[in-house]
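Trainee: when you get a sec, could you give me coordinates for this:
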Amino acid sequence: MEHNMSQNTIFNCTSRGMARLSVILLLQSLAFSLFAQNTNSVGINTGNSPVDPSAIMEVKADNPGGSGKKGFLPPRVELKNQRDRKTVPIAVGTEDKAKAMLVYNTKDTYDFVWKHVYADNYYYWLGDRWERMVYTPLVYEAVIPREFYIEGKTRQEFTTNQLNPPHSSGKVNGVDLPLEFTEHPLLNRGNIFTKLDNENFRVNVTGTYDVSAFVHYNPRATEINMKPIPSESEVVYHKRAFLNLKIQRQASRAAVWEDLVVVRAAWGYDAGGFLKTATINAASVQLFSGDKIRLVIQSPYKNSSQGAGKYKPYTGTDADHPVARGFRALLLDFNL
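Mentor: Next up, the predicted model:
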């Protein structure tokens, strides 16, 4: 009995001693690995190699006991916006102390008030906001704008009742008539838009855009035979005409189209039989991924003094107008 107790006691003492010795050896190993012959610098995975004297910390990519290399994996987070202080808690009064803190953002989040943050980018804390680290592809984005442009050259006709309605007691504004683009986009840098069909485009990138458009249109308004000089032969005149040109948006999962930008063009007396350009100059709008966009024309009146001409109004080309209609969108905000 005493013999057994003596053996157990020796065994327990030996176990405790071995545990203590293991801890001491582990700490020594860590000390050698971390401080690597230089008490003012830290070396990670440097082995017996000295840490570069100019570095406060040096990390080796070698894989101890194995083949290949290893990389540095920073903290990965989903920031809510550039002013986000909750995902990575930053207490009031410590903003400056946290300057240069580095994270890797993993999710696109769009916030027009507190600014967007983009996935697969490094961000560093600047004292009052998260700033994206700029590298070569981002510089290319700034130098080469992300732009979408498409133009149509085919003739598109409409009925006189659609755009030259006869006089009636109807309210203002006729039906929306989408313009067609059978051609492929000439520009689509950054794949910011997708052509869904001949009338509709889908926004792929959320942001602030400059949008513009034009259409060459001949209202072919009612003809009038008049004798401006009684002794001369009759002259054929066209009555005046008007046209609304609109850029419309259908928000993602919405059923209704809304007007983003509207302009009105006028064809004066005796000009209603000629091709003329209606233009939407660049206007800044906020668009979201998934929105649909289309270009629309419309009669400003359901009852009109321009009357119903005997020929169909159309958008098209002639010798002086080689393009019938066009739409352009330029993405402005790059968050640089």
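Trainee: residue 123 in helix, strand or coil?
Mentor: Look at residue 123: counting by DSSP: H, G, I helix; E, B strand; the rest coil, its state is strand.
Trainee: wait, it sits on residue 105?
Mentor: Yes: counting by CB atoms under 8 Å, residue 105 is a contact partner of residue 123 at 5.4 Å. C-beta: built from backbone N, CA, C; applies to glycine.
Trainee: overlap in contacts, the two.
Mentor: 79, 117, 130 (CB atoms under 8 Å, 6 or more residues apart in numbering).
Trainee: contacting residues around the first one?
Mentor: For residue 79, the contact set (CB under 8 Å, 6+ apart) comprises 87-88, 103, 105, 107, 109, 117, 123, 130.
Trainee: hmm, which of those are the buried ones?
Mentor: Neighbour counting with 16 or more other CB atoms under 10 Å marks 103, 105, 109, 117, 123, 130 as buried within the contacts of residue 79.
Trainee: among those residues, which ones are in helices?
Mentor: Using DSSP state H, no member of the buried ones among the contacts of residue 79 falls in helices.
Trainee: mind listing the helices for the protein?
Mentor: Along the chain, counting by DSSP H, helices occupy 2-35, 136-143, 160-163.
Trainee: for the spatially most central residue of the chain, grab phi and psi.
Mentor: The residue lying closest to the centre of the chain (CA atoms, centre = their mean) is residue 205, at 2.8 Å. Dihedral pair for residue 205: phi -130, psi 120, per degrees, to the nearest 10.
Trainee: pLDDT score assigned to it?
Mentor: Residue 205 is assigned 91 on the pLDDT scale.
Trainee: contact partners for it?
Mentor: 146, 190-192, 289, 331.
Trainee: apply 10 Å and report the result again.
Mentor: Residues in contact with residue 205 (CB atoms under 10 Å, 6 or more residues apart in numbering) are 108, 110, 146, 148, 190-193, 287-289, 331, 333.
Trainee: out of those, who's nearest residue 254?
Mentor: residue 288 (10.8 Å; CB to CB).
Trainee: look up the closest residue to the closest one, ignoring the ones flanking it.
Mentor: Of all residues not flanking residue 288 in the chain, residue 206 sits nearest, at 4.8 Å (CB to CB, 6 or more residues apart in numbering).
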